[in-house]
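[1] fold the stuff below for me.
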Amino acid sequence: PEHWPDTVSDTILGKPIRKRPEESFMGGATPQSEYILYVDDESTNLKSLEMLLTRRGYQVVTSADPEHALDLIGHNPPQLLLLDVYMPTMTGFEMARLLKEHNRTASIPIIFISGSHEIETIKESFRHGGVGFVARPFHLEEILAKVKNQMELQRLRAKLQEEVDLKTEQLRQSEQRLALALKAGAAGVFDIHIPLSRGFFFSSRWLEMLGLSEPDLPAAGKFLEWQLNLLHAEQRESIAQAVRDFIDGKVDEWDRELQIKHRDGTFMWVHIFATAERNKEGLAQRVVGIMHDIGERKRSERMLNQYKNQLQDLVHARTKELERSVSLLSTTLESSADGVLVTDLSSIITASNMRFAELWTIPRNMVENNTFEKLIAELSEHTVQPIEFLSMIRLIYAQPEQPASDDIQLKDGRVFELNSQPQYMGERVIGRVWSFRDKTNRYRMERELLLAKEAAEAANRAKSNFVASISHEIRTPMNAILGMAHLALQAEM
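    Predicted coordinates:
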């Protein structure tokens with residue numbers, strides 16, 4: 001329908017869309033013929049990805065409202081749709097389903113975007129017709145590669161469509177030429193009477209197409225056998241049945257493409273159209289028709305099918321490659337012995353692994369359904385010094401480009417080692433990676449070694465004091481004896 005976006009809105013929300021198309025554009029810009037549409041309810045995500053793609057020379061239109069996006073698509077479909085999975089008014093999967101239900105928008109390639117790394121979310125994206133999936137936080141090379149691949153595929157499809165249109169136009173002109181040629185005797189004409197004993201006729205052009213001459217035509221008694229031998233073996237039975245149905249009046253006209261043997265033994269594609277004069281019972285008494293050589297068209301169709309298959313193989317290979325990459329990243333994250341949490345600059349949790357929830361002894365859904373600020377507040381209750389813990393986290397966040405590390409003592413006696421690194425996309429910081437490692441055993445060993453060292457040093461000091469005291473006690477009486485001896489020696493002298 002003319003107001004396609006209103007129809008879509010009625011289907012989902014029960015009310016029409018009255019926004020003008022340009023209200024869906026960032027900055028009120030009107031898109032040109034080729035553009036990328038990014039739909040996400042988070043303005044931070046819109047701005048960051050728009051900036052990234054714009055710097056690479058793409059024209060990007062953003063929309064924070066799926067209704068506005070549908071309105072925009074209805075007026076001017078994009079070459080690529082980047083679609084957030086989880087939005088409050090309409091999920092990306094619901095929006096994709098609507099687009100796939102309409103011929104005009106069904107072929108728009110969709111790359112789904114989500115902060116979820118769940119395998120089920122990725123599978124659901126491809127089940128809803130997605131050509132790719134990107135998890136936030138974005139990896140620069142990944143998102144650019146996927147966008148580039150899809151835009152190149154769209155350009156290839158456009159080029160292919162141009163070739164199809166060109167070939168279609170050429171075929172249309174060819175049919176016009178054939179119609180004119182028919183009048184001039186260029187089309188093959190045949191006129192067959194039933195029974196065959198009444199005679200049959202094949203024009204010189206018909207014979208010329210098959211490399212035959214009039215002496216090659218059979219006698220009436222062998223005509224049917226001769227006709228069957230002209231047909232390709234794979235089509236012979238079905239064509240013979242179709243001829244019987246046409247002669248018996250089960251179909252009014254004969255309009256068929258088939259392969260006929262040339263005199264040199266090769267098979268050529270022809271299009272045969274025939275009509276019949278029938279008796280009162282509806283049986284054919286005379287069949288008149290024309291035959292066209294459609295070999296060039298068939299060759300064009302084969303080429304187009306080859307292009308189509310190549311494109312499908314390319315899309316399939318790229319999809320498999322992306323699936324393997326996503327699977328590898330997910331497996332790597334889950335196989336880590338550390339608890340890992342990833343956040344963006346807006347304190348949104350974009351990824352985590354099971355080990356993180358296990359270390360902090362919290363439910364997994366507490367991680368998935370919380371913002372970073374709320375989660376950290378919950379975690380602080382597990383620490384010995386919650387206020388100092390929160391202050392440390394905020395200080396780290398205030399220095400987005402600086403790595404950080406510290407030890408965290410928990411109320412249950414465990415000690416965690418925290419390491420936090422900035423997450424980069426190109427040269428730009430887009431978030432942080434927080435890694436927590438249980439170092440309780442190592443911490444206890446270090447404490448025991450320190451206490452043992454202090455005890456050894458105390459024993460050594462006690463020993464030194466004892467030796468010094470004994471030495472003093474020995475020297476005191478010896479001094480008296482030496483003094484008396486010295487006086488005695490002086491008296492003798």
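
[2] what sits against W360?
    Neighbouring residues of W360 by CB atoms under 8 Å, 6 or more residues apart in numbering: G339, L379, H382, F436. Quick note: C-beta positions are derived from backbone N, CA and C, even for glycine.

[3] mind running it again at 10 Å?
    Each residue near W360 by CB atoms under 10 Å, 6 or more residues apart in numbering is listed here: G339, L341, M366, V367, L375, E378, L379, H382, L410, F416, F436.

[4] just list whatever residues bridge to the last one.
    Read it as F436. For F436, the beta-bridge partners under DSSP bridges are G339, L418.

[5] check it and give its pLDDT.
    F436 is assigned a pLDDT of 94 by the prediction.

[6] do the same with the second one
    Predicted confidence (pLDDT) for L341: 92.

[7] mind giving me the PyMOL command for buried ones among the contacts of W360?
    Buried members of those, defined by 16 or more other CB atoms under 10 Å, are picked up in PyMOL with:
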select buried, resi 339+341+367+375+379+382+410+416+436
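
[8] nearest residue to V251 in space, please, no chain neighbours.
    Leaving aside its sequence neighbours, V251 sits nearest to D245 (CB to CB, 6 or more residues apart in numbering; 5.5 Å).

[9] count the neighbours of the one you found for me.
    Other residues lying near D245 total 12 when counted by other CB atoms under 10 Å.

[10] same thing with L171?
    16.

[11] next structured bit after the lowest-mean-pLDDT helix or strand in the chain?
    Ranking every helix and strand in the chain by mean pLDDT, DSSP states H and E puts helix 4-12 at the bottom, with a mean of 38. Going down the chain from helix 4-12, the next helix or strand is strand 36-39, by DSSP states H and E.

[12] elements contacting whatever helix or strand comes next after that next one?
    Going down the chain from strand 36-39, the next helix or strand is helix 43-55, by DSSP H and E. Applying 3 or more CB pairs under 10 Å, 6 or more residues apart in numbering; DSSP states H and E, one finds that helix 43-55 contacts strand 36-39, strand 60-63, strand 80-84, helix 140-183, strand 339-344, strand 415-425, strand 428-438.

[13] averaged pLDDT, stretch 132-140. What do you get?
    85.

[14] quick check: buried residues in it?
    For stretch 132-140, by 16+ other CB under 10 Å, it's G132, F133, V134, A135, R136, P137, F138, H139.

[15] pull the contacting residues for the first one.
    Pointing back at G132 there. Contacts of G132 (CB under 10 Å, 6+ apart): 80, 82, 109-113, 122, 125-126, 142-143, 145-147, 149-150, 315, 318-319, 322-323, 326.

[16] and the residue nearest to V251, how close does it get to N279?
    17 Å (CB to CB, to the nearest Å).

[17] nearest the geometric middle of this protein, what residue?
    Centroid-nearest residue in the chain, with CA atoms, centre = their mean: G132, separated by 0.5 Å.

[18] quick check: the closest residue to that residue other than its chain neighbours vs F133, distance?
    Take G132 and drop its neighbours on the chain: the residue closest to it by CB to CB, 6+ apart is I111, 4.2 Å away. Per CB to CB, I111 is found 7 Å from F133.

[19] what do these two both touch?
    By CB under 10 Å, 6+ apart, I111 and F133 have these common neighbours: S125, K146, L322.

[20] looking at those, which has the most residues close by?
    Taking other CB under 10 Å to define a neighbour, the member of these with the most is S125, carrying 25 neighbours.

[21] nearest residue to that residue in space, please, no chain neighbours.
    Closest to S125 by CB to CB, 6+ apart is F112, at 3.9 Å.

[22] which element is the one you found on?
    strand 110-114.

[23] what's the answer for I260, then?
    Assigned by DSSP H and E, I260 belongs to strand 253-261.

[24] tell me the helix or strand right after that strand.
    strand 267-278.

[25] so which bits of the next helix or strand after that next one are buried?
    Moving toward the C-terminus from strand 267-278, the first helix or strand encountered (DSSP H and E) is strand 284-293. By neighbour count on 16+ other CB under 10 Å, the buried set for strand 284-293 is A284, V287, G289, I290, M291, H292, D293.

[26] ok, which pair from those is furthest apart?
    Using CB to CB, the pair of these lying farthest apart is A284 and D293, separated by 25.1 Å.

[27] can you list contacts of the strand holding I260?
    Strand 253-261 is contacted from outside by 209-211, 227, 229-236, 238-239, 242-243, 245-247, 266-276, 284, 287, 289, 291-295, 297-298, using CB under 10 Å, 6+ apart.

[28] shaky segments in the stretch 101-250 of the chain?
    Low-confidence segments of the stretch 101-250 of the chain (pLDDT under 70): 175, 177-186.

[29] would you agree R437 is in contact with D406?
    No: R437 is beyond contact range of D406, at 11.9 Å (criterion: CB atoms under 10 Å).

[30] so what sits against both of those two?
    F416, E417, L418, N419.

[31] which of the three states applies to G211?
    Counting by DSSP: H, G, I helix; E, B strand; the rest coil, the backbone at G211 sits in coil.

[32] and it, its phi and psi?
    phi 70, psi 30 (degrees, to the nearest 10).

[33] one step back: check which helices and strands the helix or strand where the residue nearest to V251 lies sits against.
    Element membership for D245, per DSSP H and E: helix 233-247. If you count contacts as 3+ CB pairs under 10 Å, 6+ apart, helix 233-247 packs onto helix 223-230, strand 253-261, strand 267-278, strand 284-293.

[34] tell me the gap between it and the middle of its chain.
    Helix 233-247 has its C-alpha centroid displaced from the chain centroid by 47 Å (CA atoms, centre = their mean, to the nearest Å).
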